[in-house]
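[1] A structural model of the following input is requested.
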Amino acid sequence: MSMNLSRKVKITIGAVIISSLAATATVYAAITPNKYPLTPIYEPEFYGSPSSSIASAVALPASAATFSTSGTTPSMINKEGKTIYERYGDTEAQGTSILQNIEKQLKEQGLTMKDVIYLRVYIAPDAAKEGKFDYDGWFKAYAKYFNTKTNPTKTARSTVGVAGLVSPDWLIEIEAVAAYPSLHNQD
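    Predicted coordinates for the structure are as follows:
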């Protein structure tokens, strides 16, 4: 009989502990602010400083469809060129070439550069810049396409310096993510 009583006490104590944990979780959930917007969003929303050339974050509607490019590389400008700069150009020229290529890919999907919400950029060291990364060249290429009068979009963006890219002639490679407009029919 004492074994039975002990088992009943253990079960009761376990039930009290579980009930207490459940009550604590319920109270915590009730006092924790909702992490989702109070009102739904219907198009991409860009966040960040108005003085910055890029967005610090982008929010998409729950139903948004996106289009992502693989790493896009520059087009060759002179096959007979003797240096990487003659074949592909410097970082600014390569960045501009890549953005032109991305623009073509977007157009094939019914999108424009205004639909781009995020860019991931890989920059390799430039021998002509003492082996340093030419971030300024990339920023100049970006400024031709984004945060302009014709395209006020300021994308969220990561720019990463890497040891090298697939081709030693490439100084930059870019991945883009664009959001389809909410009324877009993908069929």
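[2] tell me the contacts of the residue nearest to the spatial centre of the chain?
    For the chain, the residue nearest the mean C-alpha position is residue 118 (3.9 Å; C-alpha atoms, centre = their mean). Residues near residue 118 by C-beta atoms under 8 Å, 6 or more residues apart in numbering: 58, 155, 156, 157, 176, 177. All C-beta atoms are positioned from the backbone trio N, CA, C, and that covers glycine.
[3] distance of it from residue 54?
    10 Å (C-beta to C-beta, to the nearest Å).
[4] Can you list the low-confidence ranges for the chain?
    Scanning the chain for pLDDT under 70 picks out 1-5, 29-38, 183-187.
[5] show me where it has helices.
    Taking DSSP state H, the helices of the chain run over residues 2-31, 84-87, 91-108, 135-143.
[6] What degree of burial does the spatially closest residue to the residue nearest to the centre of the chain that is not a sequence neighbour show, as a neighbour count?
    Once flanking residues are discounted, residue 118 sits nearest to residue 177: 4.2 Å by C-beta to C-beta, 6 or more residues apart in numbering. By the criterion of other C-beta atoms under 10 Å, residue 177 has 18 neighbours.
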